[in-house]
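Trainee: all I have is the shape, not the residue letters:
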């Protein structure tokens, strides 16, 4: 699985176009990252660029602290259980000014996108 670091900025509305191929179904994902001032949160949506099909609509971007927190895990039922990818928000600096990304510190975090989610290991 390849991961991409989204080149985020402080712009309150950012759009990224990324490759995805869950279940062998290749499509270009439109990843929209928006800042909402009232809850002071960054919100993420994912759709298919060509069809406009929305797969993820306005989930909060929260940071993984010491544990892997795949923000797209709840959507693993899509594409016959293969999900639409993995998305992680990690600290990019040792001590971010807030626990989760807020209005003026999105660059203190790294957002990683993977086009599929890792299958659980087991025996």
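Mentor: Received it, and whenever you're ready, just let me know what you need. On a predicted model such as this, the values are computed, not experimentally measured, just so you know. Numbers count the residues shown, from 1 in each chain.

Trainee: list the buried residues for the lowest-mean-pLDDT helix or strand in the chain?
Mentor: Each helix and strand of the chain was given a mean pLDDT (mean pLDDT, DSSP states H and E); the minimum falls on helix 78-81 at a mean of 76. By neighbour count on 16 or more other Cβ atoms under 10 Å, the buried set for helix 78-81 is 78-79. C-beta here means a position set from N, CA and C on the backbone, and glycine is covered the same way.

Trainee: give me the contact list for that helix.
Mentor: Where contact means Cβ atoms under 8 Å, 6 or more residues apart in numbering, the residues beyond helix 78-81 that reach it are 22-23, 25, 55, 84.

Trainee: hey, what's the closest residue to residue 72 other than its chain neighbours bridged with?
Mentor: Leaving out its chain neighbours, the residue that sits closest to residue 72 by Cβ to Cβ, 6 or more residues apart in numbering is residue 87, at 4.8 Å. Per DSSP bridges, the residues bridged to residue 87 are residue 113.

Trainee: pLDDT score for residue 87?
Mentor: Reported pLDDT at residue 87 in the predicted model: 90.

Trainee: so in the chain, which strand runs the longest?
Mentor: Of all the segments of type strand in the chain, defined by DSSP state E, the longest one is strand 27-36.
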